[in-house]
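Novice: 3D, please:
(one chain, ligands or ions: 1)
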Amino acid sequence: MTKAKLLLGQTLGFAANPFEAPISEAARHRRRGAILVADGRIVAEDEADTLLAAHPDIPRIDYGDALICAGFIDAHVHYPQTGIIASWGKRLIDWLNAYTFPEEMRFDDPAYAAEIAALYFNLTRAHGVTTMVSYCTIHPESVDAFFTEAQNRGQRVVAGKTCMDRNAPEGLCDTAQSAYDDSKALIGKWHGRDRLSYAITPRFSPTSTPEQLAALGTLWSEHPDCLMQTHLSEQTDEIAWVKSLFPDARDYLDTYEAYGLLGAKGLYGHAIHLEPREKDRLREVGAGLIHCPTSNTFIGSGLFDMKTLMAEGHRVGLATDTGGGSSFSMLRTMAAAYEIAHLRHNSLHAAQLLWLATAGSAKALHMEDRIGNIAPGMEADLVVLDLASTPDIAQRSARANDIWEALFPTIMMGDDRAIRDVWINGTNAPASPL
Ligand SMILES: [Zn+2]
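Specialist: Alright, predicted model coming up:
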C-alpha cells in the first residue's frame, strides 16, 4: 500500500437510509474509530484499537474528538455564479436577468472561467465539499475550465454545458444543433476521464425550444450513462410561464418527459410545487430530486415537501444551488433543510441531514458505490468536523449526551471554522497551483 494513513477520531457512516431504517440501525458511529486510507481509497474502517493493532507501522493522524465522515456532496450548483452570490432583491426570473445572465456572459473568456473555477474549488474545499454537480455556462470553455481544475485536484465532479436557445440574451444563446454538437464533443472530451462525469444540461424549459429539448433528449439516449440535470417547478410564476410556452404539456415535467428528458439518471433541481402526476412519474422512473433549501428561502421559492417525498420513496439529494443559494456551506444547507422541514411540521434528525449531504446525494447521482460513505472500497473523500469550533457551539456540544446532540449544534451554527480537515482522493494536501 502506497501512502497509507490511519485516521483516528470519532467516525460516522451509514449502513442504511435513516429515512427508512431506525437511526440506531442506519448510522454507524464509533466513539473512537479509525479509517485506513491508501491509494485514494478507504481500505478498512473499524474500532481504533483494532486497526492500530493490525497496522502498527502505518503513519497515523489523530483527530481526537473530531468527527470523520464522508466528504459533502453538493448535488446542484452553478459555479459561474460564485461572484454574484448574495445579490439582493430579486425573485427567479428577474434574478436571472439582473444578475445571472450578465455574469455568465463573461465566461466566453477562458481566463476568467479558469479564475472563477479555481476560486470556486478553493471556497468549497474550505467547506468540506468534495463532490459537486455544476451547471457551467453556454460556453464550452466554461466546462473545460471546471473539469481542468477538478482534474488537477483529483476531485470527483459532474458538470455540463448549460443549453439555452431562447429567452436569454443573444450572447448567451446557442441553438438546438450547436447545443447537441457542443455537448456531444464535451462528453467525448471529458466524460469518464479520471473522476470526471458529464451531465447533459438544459437550464430549464423556458430557455429551451422544443427543438433543443428534443436534440438533448436524443443526445441522452445516445449517452445513457451520463446524468442529465435541469430545473423543475421552482416558483409558481415560473410554472405559469412554462404552461404558456408549452400549451400542450400536461404539466411542467411533461415538457421534459415529452422530449426524452425524464429518466433515472435525471437530476431535477428544486421540485417544490409538484403536481400528483409529476410526483408519480418521478418516483416511477427513480429520478433524483435535488433540494436546494438556502436558495428556496433566499429567492423566495417555497417549501420542499421532504416528509411526503421521502415517504413516497423518492430519491432526494441536497444542494446549495450556488449562487441562487446564499451559502457555499453544506452545514448551512443542512440547517436550512431542517428549518424548511420544520415549517412543514417535520423535524429532520441530525442523521437524516448528514445522510442527505453525503450518502443521499451520492445515491441521487448513482454514485453511492463510490462516494458519500465510509466503507472499505469507497473512494477516500472525507471531511473532519470539529464539533466545538466556536465558543457558541462548544458550550452547547459540551452538554451533549450522544453523538447526535453533539453534532446538531455544528449543523445549525457551524461554518468553515468547523472543517478541521478535508481528504480528497486519499490525500489531505491541497492541490498544487496549475
Ligand atoms: Zn440552479
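Novice: CA atoms for contacts and neighbours, from now on please.
Specialist: Will do.
Novice: list the residues that contact the residue nearest to residue 414 when sequence neighbours are not counted.
Specialist: Among residues not flanking residue 414 along the chain, residue 331 sits closest, at 6.3 Å (C-alpha to C-alpha, 6 or more residues apart in numbering). Listed by C-alpha atoms under 8 Å, 6 or more residues apart in numbering, the contact set of residue 331 reads 410, 411, 412, 414, 415.
Novice: at 10 Å what do you get?
Specialist: Taking C-alpha atoms under 10 Å, 6 or more residues apart in numbering, we find residue 331 in contact with 72, 127-128, 320, 337, 353-354, 357, 408, 410-416, 418-419.
Novice: give me the subset of those that lies in helices.
Specialist: 337, 353, 354, 408, 410, 411, 412, 413 (DSSP state H).
Novice: can I get stretch 108-117 as PDB, trimmed to CA atoms?
Specialist: The C-alpha trace of stretch 108-117 is given here as PDB (Å, rounded to 0.1, in the frame of the first residue of the first chain):
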ATOM      1  CA  ASP A 108     -16.700  33.300 -23.000                       C
ATOM      2  CA  ASP A 109     -13.200  34.400 -21.700                       C
ATOM      3  CA  PRO A 110     -11.300  31.200 -20.800                       C
ATOM      4  CA  ALA A 111      -9.000  33.100 -18.500                       C
ATOM      5  CA  TYR A 112     -12.000  34.400 -16.500                       C
ATOM      6  CA  ALA A 113     -13.600  31.000 -16.400                       C
ATOM      7  CA  ALA A 114     -10.400  29.400 -15.100                       C
ATOM      8  CA  GLU A 115     -10.000  32.200 -12.500                       C
ATOM      9  CA  ILE A 116     -13.600  31.600 -11.100                       C
ATOM     10  CA  ALA A 117     -13.200  27.800 -11.300                       C
END
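Novice: and stretch 6-19, what's buried?
Specialist: Under the neighbour-count criterion of 16 or more other C-alpha atoms under 10 Å, stretch 6-19 has 6-14, 16-19 buried.
Novice: repeat for stretch 120-129
Specialist: 120, 121, 123, 124, 125, 126, 127, 128, 129.
Novice: just the CA trace of it, in PDB.
Specialist: The C-alpha trace of stretch 120-129 is given here as PDB (Å, rounded to 0.1, in the frame of the first residue of the first chain):
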ATOM      1  CA  TYR A 120     -14.900  28.100  -6.500                       C
ATOM      2  CA  PHE A 121     -12.900  25.000  -5.700                       C
ATOM      3  CA  ASN A 122     -10.900  26.800  -3.100                       C
ATOM      4  CA  LEU A 123     -14.000  28.100  -1.400                       C
ATOM      5  CA  THR A 124     -15.800  24.800  -1.400                       C
ATOM      6  CA  ARG A 125     -12.800  22.800  -0.200                       C
ATOM      7  CA  ALA A 126     -12.800  25.100   2.800                       C
ATOM      8  CA  HIS A 127     -16.400  24.000   3.500                       C
ATOM      9  CA  GLY A 128     -15.600  20.300   3.100                       C
ATOM     10  CA  VAL A 129     -17.400  19.800  -0.200                       C
END
